[in-house]
Structure formats: structure tokens, C-alpha cells
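*Asks:* Next one to model:
(one chain, ligands or ions: 2)
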Amino acid sequence: MENEITYPYIQSFLFEIMKSSDPLLAEMEKYAAKRYIPIIQPESSRLLETLSMLIKPRRILEVGTAIGYSSIILARTLGSSGAVDTIEIDEDIAKIAREYIKRAGLENVIRLIIGDAAEVLQCLGGMYDLIFLDAAKGKYPEFFSFCFGLLNRGGLLITDNILYKGMVAKQGFIEHKHRTITVRLKEFINELLSNKELLTSIIPIGDGVAVSYKY
Ligand code: SAH
Ligand code: MG
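*Replies:* Ligands and ions are numbered 1, 2, ... in the order given. This next block holds a predicted model:
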């Protein structure tokens, strides 16, 4: 299904001009496109990178590694003592991620944890300054309380795919197969917006990105 978040001409314009000029990331973009692996869109990844540069996190947590594309982008924003923990449920894709992370020379910065985030999030030690939530949209409400608990004050929770091809905002008919996810995402947005310890902004680029600051 087409993404209906913004005008198609704006979307393709941004997509084209924001593509990575970094050879490894460009290779990963091609790899993901060929296999329909939903890595973050270039325009959203640029936002992620900018925000991370701005807040200078020491510890980053990512939920949903896939091939490690956003993990590498985030890791490169870190100073010398920073680290990224990233969780991936699919062992096969995690193997690919591990190779790319090694090629990026970041195997000592990125810790790849294989498992279901619903469980892993409950066993992590320490707090994070930036959490990037990008896995299993239907489970965002379930992941939220753990992520909130793991986020330092002054930190950011950044959530991808928050508008789900525009369906979250759409009035009227939603195909059956997309209904549960759409309902859960709306529930999740309400949770973000009603939380008094968070300040949330929703940005309609890529597949929709929510940026939540923890007071
Ligand atoms: N953040 C990546 C893309 C992640 S795609 C990037 O932008 O480069 C979402 C990933 O989340 C998929 O690889 C999927 O296998 C993983 N995933 C889905 N459910 C999960 C769960 N419950 N726990 C951990 N990972 C999960
Ligand atoms: Mg995503």
C-alpha cells in the first residue's frame, strides 16, 4: 500500500535527497530494499541522527535491529564512551546485522541482544538517554511502560512508524488486516500524549516519527 502521509512528490523528493552518501549505509539501503526489510526511511533517519547529535546520549537503546542500519547511524553519533544496546527477535536477520556492524568497526560499541523485546526489556540493567522504538508496532503499548522506565530524565524516546502509512490518521474504512495495528498505535499515541512526564511531538515524515522528551 502507498504511503499517504505526505504528498507523493514531497516524499520522493525527500527520499532522493536524503539517501546516504556513506558507502556502507548505501549498500545496506539497497540490501534492505531488495528484500523488503523495513529499515528507517532516509528522511526519518536524518532526524534521528540530528536529535542524537543534539542531546549527546551516553547510552542508547534500540528495539528492533533488523540489519543494523539505524544501530550504525546511532552509534556513529556517540562520543568515545557511548554504547548502543539493540534488541532483535529474528536470529537470521541478527546475523546479517552482526556482519554489517563488524564492517562498520562498531562491534565494541553496539551490543546486539537476540530475543523478544517483551522479555529482554524487563532484564536490562541501567538507564538510557535515548530509546529508539522500531519493532512490532502492535506491541508498542506493551513496550511503552518498560521503555518509559528505562529512560533517563532529559532523555528522548523516539518511535518510528507512528502513523503507519497514514492509516492511524485516516477517517473511515481500514482494511481488516491493518485494523489491530492501527488501533494499538492510536492507543500508544494517546498514552504518549496523556503522560504528564513526557512532551511529545509527532512528525509526519517517513512513516511518522514520535519524539517524546522526558521531563
Ligand atoms: N531499526 C531498524 C529496522 C527495524 S525493522 C532500522 O531502521 O534499521 C523491525 C525489526 O523488529 C524486525 O527486524 C523484526 O524482526 C524486529 N522485531 C519484531 N518484533 C520484535 C520483538 N518482539 N522483539 C524484538 N525485535 C522484534
Ligand atoms: Mg521503522
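
*Asks:* low pLDDT regions in this protein?
*Replies:* 1-2 (pLDDT under 70).

*Asks:* Nearest to ligand 2: which residue in it?
*Replies:* Distances between the chain and ligand 2 by C-beta to the ion are smallest at Asp160, namely 3.6 Å. All C-beta atoms are positioned from the backbone trio N, CA, C, and that covers glycine.

*Asks:* count of neighbours near the residue lying closest to that residue once chain neighbours are set aside?
*Replies:* Closest residue to Asp160 apart from its sequence neighbours, by C-beta to C-beta, 6 or more residues apart in numbering: Asp134 at 4.3 Å. By other C-beta atoms under 10 Å, 24 other residues sit near Asp134.

*Asks:* Can you tell me which residues in the chain are near ligand 2?
*Replies:* 134, 160-161 (C-beta under 5 Å from the ion).

*Asks:* could you redo the last one with a cut-off of 6 Å?
*Replies:* 38, 40, 134, 160-161 (C-beta under 6 Å from the ion).

*Asks:* Turn those into a markdown table, including secondary structure.
*Replies:* Listed next are these as a markdown table, based on DSSP: H, G, I helix; E, B strand; the rest coil:
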| residue | secondary structure |
| --- | --- |
| Pro38 | coil |
| Ile40 | coil |
| Asp134 | coil |
| Asp160 | strand |
| Asn161 | coil |
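
*Asks:* Going through those residues, which ones are buried?
*Replies:* Among the residues of the chain next to ligand 2, those classed as buried by 16 or more other C-beta atoms under 10 Å are 40, 134, 160-161.

*Asks:* number of nearby residues for the residue nearest to Met167 when sequence neighbours are not counted?
*Replies:* Counting by C-beta to C-beta, 6+ apart, the nearest residue to Met167 once its immediate chain neighbours are dropped is Thr182, at 4.9 Å. Residues lying near Thr182 (other C-beta under 10 Å) number 20.
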